[in-house]
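Peer 1: here is a sequence together with a model predicted from it:
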Amino acid sequence: MRQGQVRVPLSQVSHITAARDHVFLHAEGRTWMHRTTMARMETLAAPHGLMRIHRSAMIRPSQVVAVLQSAKSLKVRLACGAELPVGGAYRNAIRAHHRDS
């Protein structure tokens with residue numbers, strides 16, 4: 001392991017956000033930045049229970065405490081307090097998951 005490198009178990013990550021070619025892994029009140037694409041992170045994180053909800057966000061569905069809908073947007077609120085937008089392509093999956101839980 002290179003100096004300064006930290007390994008974050010994906011099983012502990014509540015959500016992932018992205019900006020350009022970096023992703024931000026959020027776990028237990030801390031955030032770690034990693035240089036990779038969201039598409040690559042989705043491949044790595046999906047087997048660990050994270051699901052894509054937006055082109056720049058993934059969540060652990062068990063962390064959703066509320067689905068917030070306004071006239072034009074849909075967001076999820078996580079147990080940690082973060083509110084993340086839900087993209088149009090992911091709305092039905094979020095609604096179905098929230099309805100089932």
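Peer 2: Sure thing, it's come through.
Peer 1: spit out the contact partners of Ile94.
Peer 2: Taking Cβ atoms under 8 Å, 6 or more residues apart in numbering as the contact definition, Ile94 lies against 53, 64, 67, 74, 76, 86. C-beta here means a position set from N, CA and C on the backbone, and glycine is covered the same way.
Peer 1: am I right that the third one is in a helix?
Peer 2: No. Under DSSP: H, G, I helix; E, B strand; the rest coil, Val67 sits outside any helix and is assigned strand.
Peer 1: so what's it closest to, chain neighbours aside?
Peer 2: Beyond its immediate neighbours in the sequence, the residue positioned closest to Val67 (Cβ to Cβ, 6 or more residues apart in numbering) is His98, lying 4.7 Å away.
Peer 1: could you report the neighbour count for Ile59?
Peer 2: Other residues near Ile59 come to 27 when the count uses other Cβ atoms under 10 Å.
Peer 1: thought it was touching Leu50?
Peer 2: Yes. The pair Ile59 and Leu50 qualifies as a contact (Cβ atoms under 8 Å) at a distance of 6.6 Å.
Peer 1: biggest helix in this structure by residues?
Peer 2: Longest among the helix segments of the chain by residue count, using DSSP state H, is helix 91-100.
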